[in-house]
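Novice: predicted structure and sequence below. I'll ask about it afterward.
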Amino acid sequence: MSRPPLFICIIMILVLTGCQNYQPIAEATTTEQEPSTEPIQEKEKQKESDTIPELNLHINEKTYTITQKSYPILYRYVSGFENPEKQLNALNYSPLLEDQYLIEFACQNNTCSHIVLDFHLETSFLLNDLSVLKSFDWSTDKRFISFLFERSNNDGVKKHHLAIMDLYTLEPASLELVEDEPLIPLPNQYQYEIKSVKFIDGNQIQIETEDIIKKSSRNVTTTWQYDAP
């Protein structure tokens, strides 16, 4: 039997070698996975919580917690100082009801902003900006309170703003003149001078003011009805 020619054997060896080295492209590829974002999100949340610390307020042997969520106005104010907690405890606090306080802050040129904090309701209410608190008084049932604020214009003329608040809800009460009373503007927005404020029966309040109708030198007393919000 004759042997195949030498060049045919060489060709067969090359073909067999090529088949052994061949690998499908699909098998050689790998699937890349998206990197997990969970550690990054956790770090961002941790970083955010680190920059918004709670502040401790100490009043009359009680300690209250001030957070940005519950008391944003006061929190932002004290956060502008090098030591926010020290500034917070240095403010002037006047007790109203239990766990409820009137606070003066952001004072300049003998005027201050005034806010009420209620630690039971965990909320606050900004009463007025840059004014002088002349007086405040309670209704007979201690539910409502009046705040009389004063501002002076460039000529030294004093005008007043009256706010009535429901301390149970920490919301302002509306005011309306009692029937047959002289028509004068609402006693807010510093429109005229208010001499005195007095609670009387029947959810009413008496206000003594300058005579803004006849412009006389005598004072005028008007009666107003206040209603719960």
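Specialist: Sure thing, it's come through.
Novice: elements contacting the strand or helix carrying His160?
Specialist: Using DSSP states H and E, His160 sits within strand 158-166. Applying 3 or more C-beta pairs under 8 Å, 6 or more residues apart in numbering; DSSP states H and E, one finds that strand 158-166 makes contact with strand 123-138, strand 144-152, strand 171-172, strand 194-200. C-beta coordinates here come from the backbone N, C-alpha and C atoms, glycine included.
Novice: and with 6 Å instead?
Specialist: Judged by 3 or more C-beta pairs under 6 Å, 6 or more residues apart in numbering; DSSP states H and E, strand 158-166 is in contact with strand 144-152.
Novice: so for the spatially most central residue of the chain, what's the pLDDT?
Specialist: Nearest to the mean C-alpha position of the chain, by C-alpha atoms, centre = their mean, lies Pro72 at 2.9 Å. Looking at Pro72, its pLDDT is 97.
Novice: phi, psi for it please.
Specialist: phi -60, psi -40 (degrees, to the nearest 10).
Novice: contacting residues for Tyr168?
Specialist: By C-beta atoms under 6 Å, 6 or more residues apart in numbering, the contact set of Tyr168 is Arg143.
Novice: which SSE is it in?
Specialist: Using DSSP H and E, Tyr168 falls outside every helix and strand.
Novice: please report the distance of it from Pro187.
Specialist: Computed as C-beta to C-beta, to the nearest Å, the Tyr168 to Pro187 distance reads 23 Å.
Novice: try Asn203
Specialist: For Asn203, the distance to Pro187 - C-beta to C-beta - is 16 Å.
Novice: before we move on, what about Ala228?
Specialist: 18 Å.
Novice: I'd assumed Tyr77 was in contact with Gln68.
Specialist: No. Applying C-beta atoms under 6 Å as the test, Gln68 and Tyr77 come out as separate, 11.3 Å apart.
Novice: which of those two has more neighbours?
Specialist: Tyr77 (19 against 16; other C-beta atoms under 10 Å).
Novice: pretty sure that one is in a strand, no?
Specialist: No. Assessed with DSSP: H, G, I helix; E, B strand; the rest coil, Tyr77 is helix; it does not lie in a strand.
Novice: dump the residue contacts of it.
Specialist: 105-106 are the contacts of Tyr77 under C-beta under 6 Å, 6+ apart.
Novice: may I ask which helix or strand of this structure has the lowest mean pLDDT?
Specialist: helix 25-28 (a mean of 40; mean pLDDT, DSSP states H and E).
Novice: quick one: pLDDT of the closest residue to Ser174 other than its chain neighbours?
Specialist: Spatially, and ignoring its direct neighbours in sequence, Ser174 is nearest to Asp227 (5.3 Å; C-beta to C-beta, 6 or more residues apart in numbering). The per-residue pLDDT reported for Asp227 equals 87.
Novice: how far away is Asp227 from Leu175?
Specialist: In terms of C-beta to C-beta, Asp227 sits 8 Å off from Leu175.
Novice: tell me which of the two has more neighbours.
Specialist: Leu175 (17 against 12).
Novice: now for the helix or strand where that one lies, which elements pack on it?
Specialist: Using DSSP H and E, Leu175 sits in strand 174-177. If contacts are counted by 3+ C-beta pairs under 6 Å, 6+ apart, strand 174-177 sits against strand 219-227.
Novice: just to revisit the earlier point, Asn203 and Pro187: who's more crowded?
Specialist: In terms of neighbours (other C-beta under 10 Å), Pro187 is the more surrounded of Asn203 and Pro187; the figures are 23 against 17.
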